[in-house]
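In: What follows is a protein structure lacking sequence information:
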Ligand code: SF4
């Protein structure tokens, strides 16, 4: 890896840019994701930035179970993000479908459509867990190819969908 490539990799580690996609969820995970940006968790203090264009992003954060209607958008957005990139499944829905599992309108789970690097369990996950998941995705970025699609092994433990009280 040359000097320039090392500089780019270092910059990505210190300032990952995030793009969020709701692929058909109930918005519960999106509310918790938004809480990550508020002063209490303030993920942007770490250098992370939520951007409005997937073309500018390093990490794709997906909420929701991936409906049939959202599948094409997901594939387009995933293709727009340059390499190296990482995908984070936020909540139980993208991992297993959770309460939407079995519906004929669901095209997911997410890793059937795009490679997933990090699964963050919960319905919805707490903001601190989301921040930690994003940190794991950042660690997976340097030298990354198109994703190994293996995730972090959490999905199998999430069958049945643990929920917050
Ligand atoms: S995991 Fe739970 S909170 Fe998140 S989108 Fe699915 S049903 Fe809603």
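Out: Structure's in. What do you need? Everything numeric in this text was worked out from a predicted model, so none of it was measured. Residues are numbered from 1 along each chain as shown.
In: residues contacting residue 17?
Out: 48, 49, 50, 51, 56, 57, 58, 59 (C-beta atoms under 8 Å, 6 or more residues apart in numbering). (Glycine included, C-beta is placed from N, CA and C.)
In: thought the fourth one was touching residue 57?
Out: Yes. Contact criterion C-beta atoms under 8 Å: residue 51 and residue 57 qualify, at 5.4 Å.
In: So for residue 50, what's the nearest residue that isn't a sequence neighbour?
Out: Distances taken as C-beta to C-beta, 6 or more residues apart in numbering put residue 18 closest to residue 50, at 5.0 Å, once the chain neighbours are dropped.
In: what helix or strand is that neighbour on?
Out: Using DSSP states H and E, residue 18 sits in strand 17-22.
In: what's the neighbour count on residue 26?
Out: 18 (other C-beta atoms under 10 Å).
In: again, but for residue 37
Out: Residues lying near residue 37 (other C-beta under 10 Å) number 16.
In: Look up how far residue 45 lies from it.
Out: Residue 37 sits 10 Å away from residue 45, going by C-beta to C-beta, to the nearest Å.
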